[in-house]
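*Asks:* no FASTA, just this:
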């Protein structure tokens with residue numbers, strides 16, 4: 001796997017959460033509240049921390065990520 005894309009990827013990020021520790025604390029609460037995996041909870045908390053109105057995922061609607069109700073979750077998957 002070629003990892004040279006990583007610096008370019010992170011240089012392209014235009015919006016970072018203002019307080020990483022707060023995102024982690026919020027992610028813990030989201031994970032417990034909705035039964036989400038840690039990484040899913042972190043993604044949702046990070047999106048919310050920057051004011052996102054919705055979270056778009058490739059996860060199917062059967063994935064626990066869709067239990068989160070604090071932000072609109074949309075899937076690119078059909079069915």
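*Replies:* Perfect, I can see it now. What you are looking at is a predicted structure, and each value in this text was computed from that prediction instead of being measured.

*Asks:* Show me where the chain has its helices.
*Replies:* Ranges of helices in the chain, per DSSP state H, are 5-11, 20-34, 38-49.

*Asks:* which one of those helices is the most hemmed in?
*Replies:* The highest mean neighbour count among the helices of the chain, using mean count of other CB atoms under 10 Å, belongs to helix 38-49: a mean of 20. All C-beta atoms are positioned from the backbone trio N, CA, C, and that covers glycine.

*Asks:* Once you drop chain neighbours, what's closest to residue 48?
*Replies:* Using CB to CB, 6 or more residues apart in numbering and skipping the chain neighbours, the partner closest in space to residue 48 is residue 71 (5.4 Å).

*Asks:* returning to that earlier point: mind telling me which of the helices of the chain the model trusts least?
*Replies:* The weakest mean pLDDT among the helices of the chain belongs to helix 5-11, with a mean of 86.

*Asks:* For that helix, name the packing helices and strands.
*Replies:* With contacts defined as 3 or more CB pairs under 8 Å, 6 or more residues apart in numbering; DSSP states H and E, helix 5-11 has no helix or strand neighbours.

*Asks:* Isn't residue 34 up against residue 71?
*Replies:* No: assessed by CB atoms under 8 Å, residue 34 is found out of contact with residue 71, at 10.9 Å.
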